[in-house]
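Asks: sequence and predicted structure below; questions after.
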Amino acid sequence: LPHLLKNVPEEHQEPIKQMCLKMMSHDAYGKPYQWTSRDFEMGAPLGRGKFGRVYLARERHSHFMVAMKVMFKEELRKGNVQRQVLREIEIQSRLKHPNILRLLTWFHDESRIYLALEIASEGELFKHLRNAPNHRFDEPRSAKYTYQVANALNYCHLNNVIHRDLKPENILLTSSDDLKLADFGWSAHTPHNKRKTLCGTLDYLPPEMVKGEYYDASVDQWCLGILCYEFLVGNPPFESNNSEITYKKIKHLDMHYPSHMSAGAKEFISGLIRCEGRISLVEVMTNPWVKEGMAIRNAQLQQQKNERGK
Ligand SMILES: CCc1cccc(CC)c1NC(=O)n1cc2c(c1)/C(=N\C(=O)c1ccc(N3CCN(C)CC3)cc1)N=N2
């Protein structure tokens, strides 16, 4: 709760506490309060994914705002993804971290499943990447976001979860320029040595997955390297319009660094995009290029805030 309240002005904190007490409350028989869609007023649509739509919604009594993700059971059954959604719910409801989108509660009726999620008011990160000058972020901004994703992934690994589907489309941005890892549909509990059915974008797949070999949590370090490269360059390093070529490039680490990239960034990324001996997530968070970049980004934002405040 404290981290949810951190950005909330004093006078609004009480209704939120009431709502959270209701969430954690139990009736006389110890049964937790059962939420239904009637507890919420549905608002503007925020976005849509393959299996769901997300709307702004407001809890009737506390006026607490949530992002309500609505999925149709029939669609999930047809797409054969019910198990994934249940795993997403089970995993995301347990994870509590400032850079992981909170699943506040969930419920269902005869035809739909509802996930009441934390709001990220700046939406999908990849839209900000595409709209940035030259379709790429500067090094301080890329370093800060890389730090925050590493922090979230490290927390996941400490909780025996690997995300496995890291990409800009699955990351949301808040109004305080913080990232939120969302969409744990492909996450899994470690140790997880089963083969993963290939799906989604190939650009982020590590060599061990491309070759169908066994893999461990370090796949998330590889994906973090690809993500950081995409922040800095605007596209992932092995991208091509032919999946066979993408596979080959991944297997042979056939990539190049554009001239605008600093030596610190290149050296950092090459510590992640490699077959063996990827640097750990803690080493990512203590890397000089990452730490200095993050400090510069936060100082720039503070400067902008002071300017606005004048
Ligand atoms: C159902 C949608 C879906 C499917 C699959 C995976 C995911 C996670 C990324 C999701 N989204 C999801 O779960 N989401 C959970 C969420 C969430 C999505 C969200 N915000 C937005 O989607 C959003 C979009 C655009 C936006 N504006 C666009 C125009 N700008 C000028 C101002 C800002 C502002 C907010 N907050 N919590």
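Replies: All right, it came through fine. Numbers count the residues shown, from 1 in each chain.
Asks: give me the number of residues near the spatially closest residue to Arg94 that is not a sequence neighbour?
Replies: Residue nearest to Arg94 in three dimensions, not counting chain neighbours: Asn159, with 6.9 Å by CB to CB, 6 or more residues apart in numbering. C-beta coordinates here come from the backbone N, C-alpha and C atoms, glycine included. Applying other CB atoms under 10 Å, we find 14 other residues in the vicinity of Asn159.
Asks: against Leu173, how distant is Asn159?
Replies: 23 Å (CB to CB, to the nearest Å).
Asks: ditto for Thr286
Replies: On the measure of CB to CB, Thr286 and Leu173 end up 24 Å apart.
Asks: how about the contacts made by Phe72?
Replies: Counting by CB atoms under 8 Å, 6 or more residues apart in numbering, Phe72 makes contact with 51-52, 111-112.
Asks: apply 6 Å and report the result again.
Replies: Taking CB atoms under 6 Å, 6 or more residues apart in numbering, we find Phe72 in contact with Arg112.
Asks: look up phi and psi at it.
Replies: Main-chain torsions, Phe72, degrees, to the nearest 10: phi -90, psi 130.
Asks: look up how far Ile100 lies from it.
Replies: Counting by CB to CB - Phe72 and Ile100 are separated by 25 Å.
Asks: and for Ala152?
Replies: 5 Å.
Asks: quick check: neighbours shared by these two?
Replies: Applying CB under 6 Å, 6+ apart, one finds that Ala152 and Ile100 are jointly contacted by Leu181.
Asks: neighbour count for Thr286 and Leu173, which is higher?
Replies: A direct count of neighbours by other CB under 10 Å for Thr286 and Leu173 places Leu173 higher, at 20 against 13.
Asks: for burial, what's the neighbour tally of the closest residue to that one other than its chain neighbours?
Replies: Nearest-residue entry for Leu173: Glu122, 3.9 Å, with adjacent residues in sequence omitted and distances by CB to CB, 6+ apart. Glu122: 17 surrounding residues under other CB under 10 Å.
Asks: hang on, Glu122 packs against Ser176?
Replies: No. The criterion here is CB atoms under 6 Å, and Glu122 misses it with Ser176 at 9.2 Å.
Asks: what's the closest non-adjacent residue to whichever residue of the chain sits closest to the ligand?
Replies: Nearest residue of the chain to the ligand: Gly49, at 2.2 Å (CB to the nearest ligand atom). Nearest in space to Gly49, with sequence neighbours left out and distances taken as CB to CB, 6+ apart, is Asp183 at 7.6 Å.
Asks: state which helix of this protein is the longest.
Replies: When the chain is parsed with DSSP state H, its longest helix is helix 288-309.
Asks: from the contact counts, what lies against it?
Replies: Helices and strands touching helix 288-309, by 3 or more CB pairs under 6 Å, 6 or more residues apart in numbering; DSSP states H and E, are helix 139-158, helix 263-270.
Asks: most neighbours per residue, which of those helices?
Replies: Comparing these by mean neighbour count (mean count of other CB atoms under 10 Å), helix 139-158 ranks first with a mean of 23.
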